[in-house]
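> 3D, please:
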Amino acid sequence: MSCSIVHVYRTYFPDPPGGLQEAIRQIMLATGAEGLENRLFTLSPTPFPYELTMPEGRVVRRRSWAAPASCDLGGIAAFSAFAKLARQADVLHYLFPWPFADVLHATVRPCAPAVMSYISDVVRQRWLGAAYSHLMWRTLRRMKVIVANSPAYARTSSILTDPSIRDKVRIIPLGIDEKSYPAHGDDGVFQRIGIAPDEPYFLFVGVLRYYKGVRFLVQAARSIGAKIVIAGSGPEWGRLRAQAAELAADNVVFAGQVSVAEKVALFRRCRALVLPSHLRSEAFGMVLVEAAMFGRPLISCEIGTGTSYVNAHEETGFVVAPESPEQLARAMNTLLLEAPLADQMGRSARARYERLFSGPALGKAYADLFQEVAA
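Residues are numbered from 1 along each chain as shown. Okay, here's the model as predicted:
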């Protein structure tokens, strides 16, 4: 049956990218391939034009007037634009957390049934969590279905295990449609960052935020006999560069923001992808799925979230203790010195991607859910 979905999240492309924006794009692309119509409502500090037509669907934007604690806030125009979209929707799909979306839902009171993809607990902004608690629970209890992205997160979240909503929780992993990435990478990135042909290196890709644990990776660098490429920008950029200089970690290469084609090239040749995130704010780790898609082994930390669902310990890579430069270095040196093991883990990562995190798996799971709720 034909089904019109309106997705709701605080930010989206072409504003600065992040893993969750990519996750939303992939859900839209994958369900579009299943015959669903996708639109997205979002805010932007520069929302002109107000509407964008993208391969994944139509994006409707209104101005973000402020973003305290990364919570974008809209004005009257946001309420009217959302209300119009909601009237046209068969299903509303919220991505949590975004407290302003709770305000939109409570104010507009849309007739369309709603589901929520629960991406992450409110981890750092404890004061916001306390102030937001009543509205959050009101919204959660009004959802038809709440989607967790991994069994581990559903099991360890104090919110998702609450008796009032736990029967609504289902597991649908995030995923990536391989066809949405360039077939060929931009190898020019290697000359730009000083990586020689056939030179092994480890790769971190992501926004440099407090919970990514990159400082522990920099601490481990002097124990690693290969370069570590850090691709991305963000609030921790200056602090990490200063740390690397202070430690004389000359093998840490700061690549800055990279294009999608450059990222593809970096994935294809890296010895392994390292995601040292040490806090539950890293709820899933889309970059792990990206690396698995390219058949690369993975190194991540055990933080009780979806990262250890994507990266199966000693199968697709290594899962180590958080905040441990020593364990990071041990895992990295093992993959550096044992190339056959790295190749084997990379093949296992690719097989796990195809089974659990591919575009067809993602599209069918979400399309089935949306059509069930719409019916």
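> now the protein, which segments are flagged as low pLDDT?
1, 123-130 (pLDDT under 70).
> can you map out the strands along the stretch 151-300 of the chain?
Secondary structure of the stretch 151-300 of the chain (DSSP state E, counting those that start in this stretch): strands at 169-171, 201-205, 227-231, 252-256, 272-275, 298-301.
> partners of the first one in the sheet?
The reference is to strand 169-171. strand 145-148 (parallel) (DSSP bridges).
> ditto for the fourth one
Taking DSSP bridges as the criterion, strand 252-256 forms sheet pairs with strand 227-231 (parallel).
> could you check the angle the partner strand makes with strand 201-205?
20 degrees (axes from the mean of the first three to the mean of the last three CA atoms, to 10 degrees).
> before we move on, the earlier item: nearest to R192, of the strands of the stretch 151-300 of the chain?
strand 252-256 (7.7 Å; CB to CB). C-beta: built from backbone N, CA, C; applies to glycine.
> mind checking how far the closest one is from the chain centre?
21 Å (CA atoms, centre = their mean, to the nearest Å).
> give me the contacts around that strand.
By CB atoms under 8 Å, 6 or more residues apart in numbering, the surrounding residues in contact with strand 252-256 are 189, 192-195, 201, 218, 221, 227-233, 237, 240-241, 244, 262, 266.
> one more time with 6 Å
193, 218, 221, 227-231, 233, 244 (CB atoms under 6 Å, 6 or more residues apart in numbering).
> among the residues you listed, which ones are buried?
For those, a burial check counting by 16 or more other CB atoms under 10 Å picks out 193, 218, 221, 227-231, 233, 244.
> would a markdown table of those residues with distance to S308 be doable?
As requested, the buried ones among the contacts of strand 252-256 are exported to a markdown table (distance: CB to CB, whole Å):
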| residue | distance to S308 |
| --- | --- |
| I193 | 30 |
| V218 | 23 |
| A221 | 24 |
| K227 | 26 |
| I228 | 22 |
| V229 | 24 |
| I230 | 22 |
| A231 | 23 |
| S233 | 27 |
| A244 | 28 |
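> of those residues, which is the nearest to Q26?
Nearest to Q26, judged by CB to CB, of these is A231 at 19.6 Å.
> for R330, find the nearest of the strands of the stretch 151-300 of the chain.
Nearest of those (CB to CB): strand 298-301, 10.0 Å.
> dump the closest one to CSV, restricted to CA.
Taking C-alpha atoms only, strand 298-301 is exported to CSV below (Å, rounded to 0.1, in the frame of the first residue of the first chain):
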residue,chain,number,x,y,z
LEU,A,298,36.6,-2.6,13.6
ILE,A,299,37.9,-1.4,17.0
SER,A,300,35.4,0.1,19.4
CYS,A,301,34.8,0.3,23.2
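> ok, residues contacting the helix or strand following that strand?
Next in sequence after strand 298-301, counting helices and strands by DSSP states H and E, comes helix 307-310. Identification of contacts with helix 307-310 by CB under 6 Å, 6+ apart yields 150, 152, 285, 288-289, 300, 302, 319.
> quick one: which of those residues is nearest V59?
Distance ranking of the contacts of helix 307-310 against V59, using CB to CB, places V289 first at 22.6 Å.
> burial count for A245?
11 (other CB atoms under 10 Å).
> then A226?
18.
> so can I have CSV of the contacts of helix 307-310 showing neighbour count?
Compiled in CSV, the contacts of helix 307-310 are given as follows (neighbours: other CB atoms under 10 Å):
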residue, neighbour count
S150, 23
A152, 20
G285, 28
L288, 29
V289, 28
S300, 29
E302, 16
V319, 21
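> can you put the strands of the stretch 151-300 of the chain in a markdown table and add distance to K364?
As requested, these are exported to a markdown table (distance: least, CB to CB, whole Å):
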| stretch | distance to K364 |
| --- | --- |
| strand 169-171 | 14 |
| strand 201-205 | 27 |
| strand 227-231 | 32 |
| strand 252-256 | 36 |
| strand 272-275 | 26 |
| strand 298-301 | 25 |
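> for P17, see how far away A66 is.
Distance of A66 to P17, given as CB to CB, to the nearest Å: 21 Å.
> higher neighbour count, the two?
P17 (17 against 10).
> what about the more buried one, distance to R25?
The value you get for P17 to R25, if CB to CB is used, is 9 Å.
> again, but for P151
For P151 relative to R25 (CB to CB), the value is 24 Å.
> ignoring the adjacent residues along the chain, who's closest to L20?
Counting by CB to CB, 6 or more residues apart in numbering, I119 is the residue found nearest to L20 once chain neighbours are left out, at 6.2 Å.
> what's the answer for G234, then?
L208 (3.5 Å).
> does A78 touch R61 like I think?
No - contact criterion CB atoms under 6 Å: A78 and R61 do not qualify, at 9.3 Å.
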